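S.K.: pasting the sequence and the predicted model now:
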2 protein chains.
Amino acid sequence: MNKLAENLKANKLKITPQRLAIYSYLANTNEHPTVETIYNHLKKDYPAMSLATVYKTVAALRDCRLIKEFNLGEECNRYDANNDMHSHLLCTKCHRVFDYYGDIDIKHVLYELKSSFGFETTAMDINFYGVCEECKRNNNDN
Amino acid sequence: MNKLAENLKANKLKITPQRLAIYSYLANTNEHPTVETIYNHLKKDYPAMSLATVYKTVAALRDCRLIKEFNLGEECNRYDANNDMHSHLLCTKCHRVFDYYGDIDIKHVLYELKSSFGFETTAMDINFYGVCEECKRNNNDN
DNA sequence: TCTTTAATTGATAATAGTTATTCGTTGGAC
DNA sequence: GTCCAACGAATAACTATTATCAATTAAAGA
């Protein structure tokens, strides 16, 4: 049994073809797709799949921490199966999202939040907004 | 003419009582209110004000960069007239948002994004999620 | 393997946040 | 003070998401 199936089982979630397909898609792309994108991508292989199933599945996967849900100020959420600590770069022209793995040292910040303010950080996100190299080159005006 | 009115004028926005009220409220609170909160707060002084007016006003103020719009993974956006560089701490129990002014050194990150990836950063946000001191003390379970 | 049962799916209705439209009103340039 | 583009109020429309529910299916136990 693969990693996902084990994780689903550990979270008392049934292993279904839809869940496997959605997770597999998320685990094999770096496009940070929205629900709509996931749905459209899987439609050709799973023509019967409902949009509601995609919503329910990403919520379930998010709740058992198999994927991350995030929002970059757009009208809809994006999803990412990449659990490595990283930040996101949103190109405000082409609306693609890139990963940044470079290390951002904020250990001292987390320590100060806890010691000075009593704020116990359990998660964080760091997002950058700007123009990607390709859009700059193309002088894209979207 | 006060500072707020001057700011509106400088951005070619007409000075109206509604805009002054909304902007003034945002400039004098550190509560990071949502549109709903702004609307409810102003209802007693401006009983005729429409929710649509609040939406249009915050959009106008955001477009001319007088206020910041941000989203912390909640169902609605929050607004902030504070232009100083700072991060946000969202308490996942009481859902209040606190400011953190401590300096987070990421100049080298912005430099690397530009030099290595050609990504020209124009804005960024850093959000921390966790439990605030008060909720921890109260062992609040919301 | 068969049965049973509760979880899941798909279809669709409902909800919530936000935006668009319409039309009467008004700020502010002249 | 006059005029008109911008604005506000009311409300319809739109879009992302969630809830509902009957039919289906995963999976545990006989």
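M.R.: Looks like it came in fine.

S.K.: give me every residue in chain A lying close to chain B.
M.R.: Within chain A, the positions adjacent to chain B are A:69-71, A:73, A:89, A:91-92, A:98, A:100, A:102, A:104-106, A:109-110, A:112-113, A:117-133, A:136-137 by Cβ under 8 Å from any Cβ of the partner chain. For glycine as for every other residue, the C-beta is placed from the backbone atoms N, C-alpha and C.

S.K.: now, the residues you listed that are in helices?
M.R.: If you go by DSSP state H, the residues of chain A next to chain B have A:109, A:110, A:112, A:113, A:117, A:133, A:136, A:137 in helices.

S.K.: filter the residues of chain A next to chain B down to the buried ones and express that as a ChimeraX selection.
M.R.: Buried residues within the residues of chain A next to chain B, by 16 or more other Cβ atoms under 10 Å in any protein chain shown, are selected in ChimeraX with:
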select /A:70,71,89,91,98,100,104,106,109,113,119,120,121,124,125,126,127,128,129,130,131,132,133
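
S.K.: does the lowest-mean-pLDDT helix or strand in chain A reach DNA strand D?
M.R.: Sorting the helices and strands of chain A by mean pLDDT, DSSP states H and E puts helix A:3-10 at the bottom, at a mean of 88. Yes: residues of helix A:3-10 contacting DNA strand D under Cβ under 7 Å from any atom of the strand: A:8, A:9.

S.K.: next, the angle helix A:3-10 makes with the next helix or strand after that helix.
M.R.: Next along the chain after helix A:3-10, taking DSSP states H and E as the criterion, comes helix A:17-27. Here helix A:17-27 runs at an angle of 130 degrees relative to helix A:3-10 (axes from the mean of the first three to the mean of the last three Cα atoms, to 10 degrees).

S.K.: any idea how far residue A:87 is from residue A:103?
M.R.: 10 Å (Cβ to Cβ, to the nearest Å).
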